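[1] pasting the sequence and the predicted coordinates here, then a few questions.
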Amino acid sequence: MEDLQIGRTRYRVPSTWNELTRAQLLGVMGVLYGPETKLPARLRLLSVLSGAPLAELLTLPEIVVVQLYPLTDFVASEEHRLTEQLLPEVKVGRTRFVGPRSSFRNLLFGEFIFADTYFRAWATHRSAEALDLFLATLYRPAVPGLGPGDPRWRGDRREEFNEHRTEYLAQRLAHLPDAQKLAITTWYRGCRTQLELEFPEVFDGPDEVRQGKPGDWGQVLRKLSGGAFGPLEQTARQHTRTLLAEMQDRARHYTSLKK
């Protein structure tokens, strides 16, 4: 966090994506992807991040405002990624849809396979249908009353992932505001990049090390199943990070044998 003093008012300005609030994140999405205005985007970002009203910022000398623009640099920096879950819930009508926890901590490999496939389809073709299917894979209705006191509790309030319900849920999540959809894709991209950095051999190694071609997670699942993680369905229910760690270990073992 950075301190910004304007007159008698002191503002606290986030210095990373993970320090944003939900409202700030949605405001940033509005500036980055919303319609252009006569005011510079960096000025509007500064207002969103600091909480200082645009009217107040416009009273400052232009040279002073320009000197404050570096406070917004992290938004475009490759060194800063959003991994904190700032939208743990979204609402459509009366239904609460719950997303995965920060850094994919409770994301199962089966849902990661589907989510990543839809995400890459959206990122490549900007398909609205793929985006809604992606959202419906990650964000699912909360199970009423499910919590730590319930014997069914496994650290996830979402209903169990069922790929056969995804299309139905996608039709409902299609009504989410664009800012929320884009905020979720920004978070997913940040968490996915975090995985790439933590498990480089899995994402960047040769095909025989990765257990398959880039992005072919279904092939990875088939190759990993039947061993320590059990049959295919049971393997799909393992946490994503657990399977990626296993793949990383296998990749390093494979590399050591070739030396």
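    Nice, I can see it.
[2] sec struct for the residue lying closest to residue 194 once chain neighbours are set aside, please.
    Leaving out its chain neighbours, the residue that sits closest to residue 194 by C-beta to C-beta, 6 or more residues apart in numbering is residue 83, at 5.4 Å. For the C-beta atoms, the positions are set from N, CA and C on the backbone; glycine is no exception. Under the three-state scheme (DSSP: H, G, I helix; E, B strand; the rest coil), residue 83 adopts coil.
[3] burial of residue 83, as a residue count?
    Neighbourhood size, residue 83 [other C-beta atoms under 10 Å]: 22.
[4] check whether it really touches residue 187, as I assumed.
    Yes - the criterion here is C-beta atoms under 8 Å, and residue 83 meets it with residue 187 at 7.3 Å.
[5] so which residues of the stretch 101-250 of the chain form strands?
    140-141 (DSSP state E, counting those that start in this stretch).
[6] can you name every helix or strand that the longest helix seen in the chain contacts?
    For the chain, the longest helix by residue count, based on DSSP state H, is helix 178-198. Helices and strands touching helix 178-198, by 3 or more C-beta pairs under 8 Å, 6 or more residues apart in numbering; DSSP states H and E, are helix 22-33, helix 109-125, helix 128-138, helix 200-204, helix 240-258.
[7] redo that, cut-off 7 Å
    Other elements packing on helix 178-198 under the criterion 3 or more C-beta pairs under 7 Å, 6 or more residues apart in numbering; DSSP states H and E are helix 22-33, helix 128-138.
[8] mind putting those into CSV with mean neighbour count and distance to residue 116?
    Below are the helices and strands packed on helix 178-198 laid out as CSV (neighbours: other C-beta atoms under 10 Å; distance: least, C-beta to C-beta, whole Å):
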stretch, mean neighbour count, distance to residue 116
helix 22-33, 18, 21
helix 128-138, 23, 9
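[9] now mean pLDDT and distance to residue 251 too, for the ones you listed, in a markdown table please.
    A markdown table is the format used below for those (pLDDT from 0 to 100; distance: least, C-beta to C-beta, whole Å):
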| stretch | mean pLDDT | distance to residue 251 |
| --- | --- | --- |
| helix 22-33 | 97 | 34 |
| helix 128-138 | 97 | 26 |
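[10] need these in CSV with distance to residue 77, can you?
    What follows is these, written out as CSV (distance: least, C-beta to C-beta, whole Å):
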stretch, distance to residue 77
helix 22-33, 13
helix 128-138, 25
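[11] the longest helix of the chain vs helix 22-33, what angle?
    Interaxial angle, helix 178-198 versus helix 22-33 (axes from the mean of the first three to the mean of the last three C-alpha atoms, to 10 degrees): 90 degrees.
[12] how distant is helix 178-198 from the center of its chain?
    Centre-to-centre, helix 178-198 and its host chain are 3 Å apart (C-alpha atoms, centre = their mean, to the nearest Å).
[13] can you give me the buried ones in that helix?
    The neighbour-count check on helix 178-198 (16 or more other C-beta atoms under 10 Å) flags 179-188, 190-192, 194-195 as buried.
[14] residues touching it, excluding its own?
    17, 25-26, 29-30, 33, 81-83, 85-87, 90, 99, 103-104, 119, 131, 135, 203, 244 (C-beta atoms under 7 Å, 6 or more residues apart in numbering).
[15] quick check: the residue nearest to residue 194 touching residue 16?
    No - counting by C-beta atoms under 7 Å, no contact exists between residue 83 and residue 16, whose distance comes to 9.9 Å.
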